[in-house]
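Visitor: output the structure for:
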Amino acid sequence: MNRISLLAGAAALVAGGCTTVEPIDYARALCDPFPRDEFSACASRVIDHYRAMAIEPDLPFGYSTAGPFALAVGDALYLGSYHSDPFALYFRAEDGANACRGAYDAFAGSRSPVLEIHCDDGSRGAGELVLDRKGRNGVGDVEFDDGRRGRLVFGHGAVGGLTDEGR
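Guide: The predicted structure follows:
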């Protein structure tokens with residue numbers, strides 16, 4: 001009975017975290033830290049890459065369980081990677097001077113897809129995730145204990161345009 005309850009709860013968690021996320025949502029989250037004169041080029045690159053990935057018929061092995069991750073806080077853009085399975089997600093991203101890590105794990109007691117975030121500079125916070133309909137890309141809001149806010153984006157289609165993969 002407990003196994004059935006756990007699986008039903010996890011399925012509800014995954015279904016409840018999926019919604020319509022448009023390419024412009026990824027572009028805004030990723031490109032806001034850039035100077036205004038660079039925003040348009042950045043946004044175009046993110047949207048073009050997302051659209052190209054959306055028509056990819058056969059994604060390579062691992063694209064649904066691991067990929068690029070970005071965290072935008074103030075004028076800093078942290079880039080890194082994530083690894084996931086249906087019930088957990090772990091990420092590490094850095095901006096050159098600082099690195100942040102985060103995770104949620106349904107088996108360890110996480111009841112919602114909220115990442116606990118810890119950074120090398122001592123910052124701590126939480127990030128809520130929203131998956132797109134296919135569950136391979138996502139966006140979210142981050143709030144640090146000191147009041148700073150940011151956005152996170154993950155997935156090959158969403159972030160790949162800003163990483164080496166998209167250049």
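Visitor: you'd agree L152 is up against G127?
Guide: Yes: shown here, L152 and G127 form a contact pair, counting by C-beta atoms under 8 Å, at 5.2 Å. Using the backbone N, CA and C atoms, a C-beta is placed for each residue, glycine as well.
Visitor: may I have the helix ranked longest in the chain exported as CSV, CA atoms only?
Guide: The longest helix of the chain (DSSP state H) is helix 36-54. Written as CSV, here are the backbone C-alpha positions of helix 36-54 (Å, rounded to 0.1, in the frame of the first residue of the first chain):
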residue,chain,number,x,y,z
ARG,A,36,19.8,45.7,-22.8
ASP,A,37,21.7,46.2,-26.0
GLU,A,38,22.5,42.4,-26.0
PHE,A,39,19.1,41.2,-24.9
SER,A,40,17.6,40.9,-28.3
ALA,A,41,20.4,38.8,-29.8
CYS,A,42,20.5,36.6,-26.7
ALA,A,43,16.7,36.1,-26.8
SER,A,44,16.8,35.3,-30.5
ARG,A,45,19.6,32.7,-30.0
VAL,A,46,17.6,31.0,-27.2
ILE,A,47,14.3,30.9,-29.1
ASP,A,48,15.9,29.7,-32.4
HIS,A,49,17.8,26.9,-30.5
TYR,A,50,14.6,25.9,-28.7
ARG,A,51,12.6,25.7,-31.9
ALA,A,52,15.4,23.7,-33.6
MET,A,53,15.5,21.2,-30.7
ALA,A,54,11.6,20.9,-30.7
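Visitor: helices or strands next to that helix in the packing?
Guide: helix 23-31, helix 156-159 (3 or more C-beta pairs under 8 Å, 6 or more residues apart in numbering; DSSP states H and E).
Visitor: I appreciate the help and will end here.
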